[in-house]
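Enquirer: can't give you the sequence, but here's the structure:
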């Protein structure tokens, strides 16, 4: 949230130079406030777990947020009761004429398929196109980030020699970005993916900038220079035990997965995993909401995305 101080206080200019958001008395007195509308396109099969994780992150802020859930009509979900979808989820036809302050597009377990072979790809493209005119700021996660870069900028994904699974150290390459305000110089973040987007391909696109990356697993945070699109290649929303559940699932399937890196103490899967990413993950969502949604979205929701 912004800090409100007297207009003439000497600290005002100093704080502004430090990229700290300062609200003058005049602006505070003339500010209109309304709830933020955030739409979550949930592409994960574990819909209830994912919606809970994301809402938990969005809720840890003094902002008032109205969250709506969106699903694709062209894909039949098999891991959640139809009654749950009917009760809590909308489809694109339901929202096509509405406007939102924020949109979150989740990951999906389809990363090893060509984008065009995903059964809901055409519908997803329509949603991403719609977001450019009906959503103020969009946050893409994991496969959603890869899909967004491919659709909007033509940047393709590539298969990894082995799955990037675990908690990896990252460095902040643009510390002046409000998105990483409060982050340490080095942060730990969760990755769970079989494909990758090359750093050089993003660097070659003038409309994009890299905010954080890892020497081990590459990109973590990328954003458009107009701050309308954000791409996060990890899973900052994951709970402490989510990677452990994925590891157990893959074992049960006979995949013989590698133990997630830097996750279990002494790499021992029988021990309780350590959660070393929670604080930066919360800051990521809070900063996105504060600096790139709340501070810049128009008061008239019908103008969002225009």
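Expert: Alright, I've got the coordinates. All values derive from a computational prediction rather than experimental measurement.
Enquirer: Help me confirm that residue 194 is found in a strand?
Expert: Yes - read with DSSP: H, G, I helix; E, B strand; the rest coil, residue 194 is one of the residues of a strand.
Enquirer: all helices of the stretch 51-200 of the chain, in order?
Expert: Using DSSP state H, counting those that start in this stretch, the helices found in the stretch 51-200 of the chain span residues 82-88, 92-95, 121-134, 143-153, 199-203.
Enquirer: now do the stretch 201-306 of the chain
Expert: Per DSSP H, counting those that start in this stretch, the stretch 201-306 of the chain has helices spanning 242-252, 278-287. These are given in chain order.
Enquirer: coming back round to it: hey, which of the helices of the stretch 51-200 of the chain is tucked in deepest?
Expert: Scoring the helices of the stretch 51-200 of the chain by mean neighbour count under mean count of other Cβ atoms under 10 Å gives helix 143-153 as the most buried, with a mean of 23. Just so you know, the C-beta spots here come from the backbone N, C-alpha and C atoms, and that holds for glycine as well.
Enquirer: Could you name the helices and strands sitting against that helix?
Expert: Packing contacts for helix 143-153, counted by 3 or more Cβ pairs under 8 Å, 6 or more residues apart in numbering; DSSP states H and E, involve strand 100-105, helix 121-134, strand 135-141, strand 186-196, strand 229-232.
Enquirer: contacts for the longest one?
Expert: Which is helix 121-134. If you take Cβ atoms under 8 Å, 6 or more residues apart in numbering as the criterion, helix 121-134 is touched by 41, 43, 70, 72-74, 92, 96, 98-100, 103, 105, 115, 118, 138, 147-148, 151-152, 228, 304-306.
Enquirer: Apply 7 Å and report the result again.
Expert: Residues outside helix 121-134 that contact it (Cβ atoms under 7 Å, 6 or more residues apart in numbering) are 41, 72-74, 92, 96, 98-100, 103, 115, 138, 147-148, 151-152, 304-306.
Enquirer: are any of those residues buried, and which?
Expert: By the neighbour-count criterion of 16 or more other Cβ atoms under 10 Å, the contacts of helix 121-134 include these buried positions: 41, 72, 92, 98-100, 103, 115, 138, 147-148, 151-152, 304-305.
Enquirer: count of neighbours near residue 118?
Expert: Using other Cβ atoms under 10 Å as the criterion, residue 118 is surrounded by 20 other residues.
Enquirer: And the nearest residue to residue 181 once chain neighbours are set aside, how far from residue 94?
Expert: Here the nearest residue to residue 181 in space, its sequence neighbours aside, is residue 287; by Cβ to Cβ, 6 or more residues apart in numbering that works out to 5.6 Å. With distances defined as Cβ to Cβ, to the nearest Å, the gap from residue 287 to residue 94 amounts to 30 Å.
Enquirer: so how many other residues sit close to residue 63?
Expert: Residue 63 has 18 neighbours, counted by other Cβ under 10 Å.
Enquirer: got the contact list for residue 249?
Expert: Per Cβ under 7 Å, 6+ apart, neighbours of residue 249: none.
Enquirer: Number the chain from 620, please
Expert: OK, 620 is where the count begins now, so the last one is residue 868.
Enquirer: Quick one: residues contacting the closest residue to residue 656 other than its chain neighbours.
Expert: Leaving out its chain neighbours, the residue that sits closest to residue 656 by Cβ to Cβ, 6+ apart is residue 719, at 4.7 Å. By Cβ under 7 Å, 6+ apart, the contact set of residue 719 is 656, 657, 658, 753, 754, 923.
Enquirer: Widest-spaced pair of those residues?
Expert: With distance counted by Cβ to Cβ, no two of the contacts of residue 719 lie farther apart than 657 and 753, which are 13.0 Å apart.
Enquirer: Report the contact partners of the residue lying closest to residue 836 once chain neighbours are set aside.
Expert: In space, not counting the residues next to it along the chain, residue 836 is nearest to residue 783; the distance is 4.5 Å by Cβ to Cβ, 6+ apart. Contacts were defined as Cβ under 7 Å, 6+ apart; by that measure residue 783 touches 810, 812, 836.
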